[in-house]
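In: have a look at this fold, sequence not included:
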């Protein structure tokens, strides 16, 4: 068996996390907060499209909370006031522009079949 000298393992021991990954240093907040409602809604749509069917268990760390909806610190997306107001504004806009609901009664498609 040949043993090559001078080559150390590049990996950290199990359980040890380094600030820098093999792709370079990873800053904690690499993005700026999303300022407009359109940016936040587009970000949420990208998130929903890429979300897997499995729910990832969240960890209860003591680090800073980062909202993945508006990218501000101090709260999670489920607690985001901007997210709630954006979706509330989006729902009222869709209701006002929905021609089908104005033309058809609410139970039009729910009648019992003969």
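Out: Alright, I've got the coordinates. Bear in mind that the values here come from a model prediction, so they are computed numbers and not experimental data. Numbers count the residues shown, from 1 in each chain.

In: residues in contact with the lengthiest helix in the chain?
Out: Using DSSP state H, we find that the single longest helix of the chain is helix 81-97. Outside helix 81-97, the residues within contact range by Cβ atoms under 8 Å, 6 or more residues apart in numbering are 37, 40-41, 44, 67, 69-70, 77, 101. All C-beta atoms are positioned from the backbone trio N, CA, C, and that covers glycine.

In: how close does residue 68 sit to residue 92?
Out: Residue 68 is 24 Å from residue 92, where distance means Cβ to Cβ, to the nearest Å.

In: nope, residue 49 is what I was after
Out: Separation of residue 49 from residue 92 (Cβ to Cβ): 24 Å.

In: check residue 35 too.
Out: Going from residue 35 to residue 92 by Cβ to Cβ gives 22 Å.

In: what do you get for residue 34?
Out: With distances taken as Cβ to Cβ, residue 34 is found 21 Å from residue 92.

In: still on that earlier bit, give me the more crowded residue out of residue 49 and residue 92.
Out: The neighbour comparison of residue 49 against residue 92 (other Cβ atoms under 10 Å) goes to residue 92, with 10 against 7.

In: what residue ranges in the protein score low on pLDDT?
Out: Within the chain, the stretches with pLDDT under 70 are 1-30, 52-63, 93-109, 114.

In: can you do 50?
Out: Where the chain drops to pLDDT under 50, the residues are 62.

In: quickly find the element holding residue 46.
Out: Using DSSP states H and E, residue 46 falls within helix 37-50.
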